[in-house]
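**Student:** Next come a sequence and a model predicted from it.
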Amino acid sequence: MTGHLGGLVHLGLLYDDPEDLVAGAVPHVRRAIAGGDEVHLVVDRRTARAFREALGDDAERVVFPPPTSTLPPSAPGFMATVRSWARTDRRTTVLGQYPATMPAPDCGFGEDALNLVLRDLPLTLICTCHRDLDPGLLAVARRTHPHLATADGRVGNPDFRTPPTADPVPADLWGAVAVRLGVDGTAGLAEVRQCVADVAERAGLTGDAVRAAVLAVHEAAVLACRSGDPERAPLVVEVRSRPGHTVFSEVVGPPAPERPPDDDADPLAHLRPFCAGAHLHDGPDGRAVRVLTIV
């Protein structure tokens, strides 16, 4: 889908005052505008004024969302908001500003989630942190960005640390476990459907959205069953939710037979229309099928 546009570029920018922030970021913003990117600058009013002055007429080609539109990073809607800015036909550049009141654990959660979940999207993210903020926040900024942005370009960040588990993405990024159950093959799928419906309704889905979420998980379970005897294949189904925003389901079944090297068909094509995202992970211990529904 994103192909020639490339994947996530995640930059950190450390600054002393708004003018220092703008001086370091404007060259990146101008290059993004010149390259045809859609540009969002999520900053406070003083910094927005400084950007408008520095960009001149180019400021008309920039969107200034309110800082509250993406915070805190651990909030249920954070990932959905950032994902919604991505386009399939061009890159999107987003600059965000750490607020002084943001807890370091929340910030670290969000930054790790960006690196893990959005790595294939055509996004350039520039996360800015004042050098006088809480040392914990500064440590998060240094740890979670592969490169640092400077007025001269970008440089490698020796303090960057890859999140410990990258494939598959840690499930706890999607909320607390609402339901976990073992299922003995396709005979138990009625219970799975009912559990998903109950969790989806509690999370805020209604009508066709609930039915779509149920169908997506049902199809994921059928796919996982195909790895063994469909009537007896043991499954573990886990459903997580963030009330009002997301329902995340993972179905783990027996290991799948090895696919032919020339088989490039998408095994999830039939369930993708019913969910916001789907992922298949085949490992030596089993096949995991994940589906995500966003309110």
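**Tutor:** Nice, I can see it. Numbers count the residues shown, from 1 in each chain.
**Student:** Return the set of buried residues in the helix or strand encompassing Gly24.
**Tutor:** Gly24 is located in helix 18-34, with elements delineated by DSSP states H and E. Of all the residues in helix 18-34, those buried under the rule 16 or more other C-beta atoms under 10 Å are 18, 20-22, 24-26, 28-29, 32-33. To be clear about C-beta, it is placed using only N, CA and C from the backbone, and glycine gets the same treatment.
**Student:** partner strands of whichever helix or strand comes after that helix, parallel or antiparallel?
**Tutor:** Once the chain leaves helix 18-34, the next helix or strand it forms, by DSSP H and E, is strand 38-42. Using DSSP bridges, the strands paired with strand 38-42 in its sheet are strand 62-63 (parallel), strand 92-97 (parallel).
**Student:** got the CA positions of the helix or strand Leu55 falls within in PDB?
**Tutor:** In this assignment (DSSP H and E), Leu55 forms part of helix 45-55. The C-alpha coordinates for helix 45-55 follow below in PDB (Å, rounded to 0.1, in the frame of the first residue of the first chain):
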ATOM      1  CA  ARG A  45       0.000  28.900  20.900                       C
ATOM      2  CA  ARG A  46       3.300  30.600  21.400                       C
ATOM      3  CA  THR A  47       5.200  28.000  19.400                       C
ATOM      4  CA  ALA A  48       2.500  28.100  16.700                       C
ATOM      5  CA  ARG A  49       3.000  31.900  16.300                       C
ATOM      6  CA  ALA A  50       6.700  31.400  16.000                       C
ATOM      7  CA  PHE A  51       6.200  28.800  13.300                       C
ATOM      8  CA  ARG A  52       3.800  31.100  11.400                       C
ATOM      9  CA  GLU A  53       6.400  33.900  11.500                       C
ATOM     10  CA  ALA A  54       9.200  31.600  10.400                       C
ATOM     11  CA  LEU A  55       7.200  29.900   7.600                       C
END
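**Student:** So what touches it?
**Tutor:** 18-19, 21-23, 25-26, 29-30, 41, 43, 59, 62, 64, 97 (C-beta atoms under 8 Å, 6 or more residues apart in numbering).
**Student:** what's the burial count for the closest residue to Leu8 other than its chain neighbours?
**Tutor:** Spatial nearest neighbour of Leu8, chain neighbours left out: Arg119 (4.7 Å); criterion: C-beta to C-beta, 6 or more residues apart in numbering. Counted with other C-beta atoms under 10 Å, the neighbours of Arg119 add up to 14.
**Student:** and the gap between Val179 and Glu219?
**Tutor:** 18 Å (C-beta to C-beta, to the nearest Å).
**Student:** Compare these two and say which is more crowded by neighbours.
**Tutor:** Glu219 (20 against 17).
**Student:** isn't the more buried one right next to Arg272, touching?
**Tutor:** No - contact criterion C-beta atoms under 8 Å: Glu219 and Arg272 do not qualify, at 9.7 Å.
**Student:** Now do the shared contacts for these two.
**Tutor:** Between them, Glu219 and Arg272 share no contacting residue, judged by C-beta under 8 Å, 6+ apart.
**Student:** pull the CA atoms of stretch 236-252 into CSV?
**Tutor:** Extracted as CSV, the C-alpha positions of stretch 236-252 are listed here (Å, rounded to 0.1, in the frame of the first residue of the first chain):
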residue,chain,number,x,y,z
VAL,A,236,-7.0,-19.6,22.7
VAL,A,237,-9.1,-16.4,22.2
GLU,A,238,-8.2,-13.2,24.0
VAL,A,239,-10.2,-10.0,23.6
ARG,A,240,-9.0,-6.6,24.9
SER,A,241,-10.7,-3.3,24.9
ARG,A,242,-10.3,0.4,25.7
PRO,A,243,-13.8,1.5,26.4
GLY,A,244,-15.2,4.0,23.9
HIS,A,245,-12.4,3.3,21.4
THR,A,246,-11.0,-0.1,20.5
VAL,A,247,-11.6,-3.8,20.5
PHE,A,248,-8.6,-6.0,19.9
SER,A,249,-8.9,-9.8,19.5
GLU,A,250,-6.1,-12.4,19.1
VAL,A,251,-6.9,-16.0,18.2
VAL,A,252,-4.0,-18.5,18.7
